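Q: Everything below, folded, please.
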Amino acid sequence: MADAALRLTALAQQLLGQPLPVRVRAWDGSEAGPPGAPVLVIRNRRALRRLLWKPGELGLARAWVAGELDIEGDLYEALDLMAGLIWERGDDAPGGLQALRDPKSRAAAADLLKLSGPWLPPAPPPEEVRRRSGPLHTRRRDKEAISHHYDVGNDFYELVLGPSMVYSCAYWEDAGTLEDAQRDKLDLVCRKLALKEGDRLLDVGCGWGSMAIHAAREYGAHVTGVTLSTEQAAYARKRIADEGLTDRVEIRVQDYRDVRDGPYDAISSIGMAEHVGSVRYREYADDLFALLRPGGRLLNHQIGRRPERDESAYEIDAFIDAYVFPDGELAPVGRTLALLEEAGFEARDVEALREHYALTLRQWVANLERSWGSAVKMVSPGRARVWRLYMAASALSFERNKIGVNQILAVRPETDGASRMPLRARDWKADATA
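A: Down below sits the predicted model:
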């Protein structure tokens with residue numbers, strides 16, 4: 001009798017303290033759960049062994065990446081329904097980890113073990129990062145982490161990001177395309193920095209060169225872009241040559257800590273500071289301050305998280321750390337502001353773009369789903385599944401205010417304290433000497 005789905009939903013209710021909000025289809029073809037809901041498809045009972053040996057998010061992630069778990073129906077709805085039940089449950093919630101001390105719950109876990117089969121846990125999918133031991137955020141370890149994420153093929157990123165090749169939050173109007181919104185974001189950064197003909201701009205974490213090209217072509221800036229990704233650098237250099245901007249833009253494969261040719265008139269750091277890490281962030285702020293001339297501006301565009309009551313309890317998201325951004329860390333915007341000001345910067349403006357990133361991510365997911373077959377051939381089924389899950393889940397996190405993204409405009413004051421900022425700067429059209 002095919003009854004695995006019914007047994008699983010009953011066991012899940014015992015362990016979690018409430019019914020699963022999604023329908024379940026098991027490897028034996030059986031189904032159970034609320035009709036009309038998204039379907040959690042368990043293609044192989046190896047997925048159960050992964051969860052038993054690695055309970056929580058990492059076990060689920062491994063099963064998803066391996067293709068042993070899937071969703072039929074609306075992915076966003078399924079993730080939203082399951083988030084409160086699994087990812088957002090505390091240890092003290094009904095049905096949380098303390099439930100395993102209950103004899104009935106232990107019996108349910110034993111039944112789950114019987115369903116999963118008596119074998120050892122499967123090896124992690126090959127897409128999971130293999131990290132060396134040692135301290136976080138050394139130059140070598142950071143380069144390896146960046147390579148894991150960015151050196152997966154420029155053609156894959158073209159498919160996901162579209163022609164703009166901008167891998168950060170766009171700046172949306174009520175109507176407009178992704179390309180329009182990404183161009184508007186780049187232009188917003190240039191205007192906040194008050195770029196003008198001949199200015200020296202350092203673009204930290206320059207990606208595929210989009211910001212550097214825009215600043216040079218539209219504002220006449222001389223741009224130095226630095227990245228740790230060799231694939232990004234090669235792609236950016238070709239784009240710059242095609243645009244005829246080699247006399248204005250230089251792309252280096254270089255750690256920001258090794259840049260020594262300041263001072264610059266302006267610095268942009270767009271979607272890069274998330275990789276810096278809490279142990280290095282003050283060093284990051286100090287280095288950028290030293291590279292900027294007095295009166296120069298920094299635009300720091302960075303994802304932030306909600307503050308914890310006990311900041312020492314913060315843990316890096318297990319799925320993101322293992323499959324997406326190894327060693328990446330998010331900080332509350334208040335902490336980022338404090339560290340920048342401790343380094344000597346004066347914060348002049350903070351603009352929250354949380355909803356803009358949710359819209360951007362949904363566009364990237366749509367691009368990926370539209371060309372799914374091509375994406376799988378470019379990378380691997382597992383890698384494509386990683387990107388689909390992380391982008392969809394991130395979109396929901398921005399929409400639910402679990403995380404945000406902020407543009408911090410800061411200035412290195414003159415020795416007399418002058419900021420060289422206009423009295424009313426919010427339209428970002430006045431130049432720095434107004």
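
Q: C-alpha from now on. contacts and neighbour counts both.
A: Will do.

Q: Double-check residue 388 against residue 368; I have them as touching.
A: Yes. Because the distance of 7.2 Å satisfies Cα atoms under 8 Å, residue 388 is recorded as touching residue 368.

Q: Those two: who's more crowded?
A: Applying other Cα atoms under 10 Å to residue 388 and residue 368 shows that residue 368 carries more neighbours, namely 25 against 21.

Q: wait, isn't the more buried one in contact with residue 160?
A: Yes. Counting by Cα under 8 Å, residue 368 touches residue 160, with 5.3 Å between them.

Q: Might you report the residue contacts of residue 76?
A: Residues near residue 76 by Cα atoms under 8 Å, 6 or more residues apart in numbering: 392, 393, 396.

Q: what do you get if the cut-off is 7 Å, keeping everything else the same?
A: Residues in contact with residue 76 (Cα atoms under 7 Å, 6 or more residues apart in numbering) are residue 392.

Q: Report pLDDT for it.
A: Model confidence at residue 76, given as pLDDT, is 97.

Q: Tell me where the model's unsure across the stretch 51-200 of the chain.
A: 86-105, 131-133 (pLDDT under 70).

Q: quick one, helices of the stretch 251-400 of the chain?
A: Ranges of helices within the stretch 251-400 of the chain are 281-291, 318-319, 333-342, 354-370, 372-378, 381-399, based on DSSP state H, counting those that start in this stretch.

Q: and the fourth one, C-alpha only, in PDB?
A: The C-alpha coordinates for helix 354-370 follow below in PDB (Å, rounded to 0.1, in the frame of the first residue of the first chain):
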ATOM      1  CA  ARG A 354      14.200  47.200   0.600                       C
ATOM      2  CA  GLU A 355      11.200  46.900  -1.700                       C
ATOM      3  CA  HIS A 356      13.300  47.700  -4.800                       C
ATOM      4  CA  TYR A 357      15.400  44.600  -4.100                       C
ATOM      5  CA  ALA A 358      12.400  42.400  -3.800                       C
ATOM      6  CA  LEU A 359      11.200  43.500  -7.200                       C
ATOM      7  CA  THR A 360      14.700  43.000  -8.700                       C
ATOM      8  CA  LEU A 361      15.000  39.500  -7.300                       C
ATOM      9  CA  ARG A 362      11.600  38.500  -8.700                       C
ATOM     10  CA  GLN A 363      12.800  39.600 -12.100                       C
ATOM     11  CA  TRP A 364      16.000  37.600 -11.800                       C
ATOM     12  CA  VAL A 365      14.000  34.500 -10.800                       C
ATOM     13  CA  ALA A 366      11.700  35.000 -13.800                       C
ATOM     14  CA  ASN A 367      14.700  35.300 -16.100                       C
ATOM     15  CA  LEU A 368      16.100  32.000 -14.700                       C
ATOM     16  CA  GLU A 369      12.800  30.100 -14.900                       C
ATOM     17  CA  ARG A 370      12.200  31.300 -18.500                       C
END
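
Q: I figured residue 326 was touching residue 145, is that so?
A: Yes. Counting by Cα atoms under 7 Å, residue 326 does reach residue 145; the two are 5.4 Å apart.

Q: Please identify which of the helices of the stretch 251-400 of the chain is closest to residue 26.
A: Judged by Cα to Cα, the one of the helices of the stretch 251-400 of the chain that comes nearest to residue 26 is helix 381-399, at 19.8 Å.

Q: any idea of the angle the helix or strand just after the closest one forms with helix 281-291?
A: Using DSSP states H and E, the next helix or strand after helix 381-399 towards the C-terminus is strand 403-411. Using axes from the mean of the first three to the mean of the last three Cα atoms, to 10 degrees, the direction of strand 403-411 lies 30 degrees away from that of helix 281-291.

Q: From the contact counts, what lies against strand 403-411?
A: Strand 403-411 sits against strand 292-305, strand 346-352, with contacts defined as 3 or more Cα pairs under 7 Å, 6 or more residues apart in numbering; DSSP states H and E.

Q: Looking at those, which is nearest to residue 173?
A: Proximity to residue 173, assessed across these by Cα to Cα, is greatest for strand 346-352 (14.8 Å).

Q: Distance from the chain centre to the closest one, please.
A: Its chain's C-alpha centre and that of strand 346-352 lie 22 Å apart, by Cα atoms, centre = their mean, to the nearest Å.

Q: Direction included, what does it pair up with?
A: strand 403-411 (antiparallel) (DSSP bridges).

Q: give me phi/psi at the nearest residue to residue 306 once chain neighbours are set aside?
A: Closest residue to residue 306 apart from its sequence neighbours, by Cα to Cα, 6 or more residues apart in numbering: residue 332 at 5.7 Å. Phi and psi for residue 332, reported as degrees, to the nearest 10, are phi -60, psi 150.

Q: now do residue 222
A: Per-residue torsions, residue 222: phi -100, psi 120 (degrees, to the nearest 10).

Q: List the beta-bridge partners for it.
A: residue 200.
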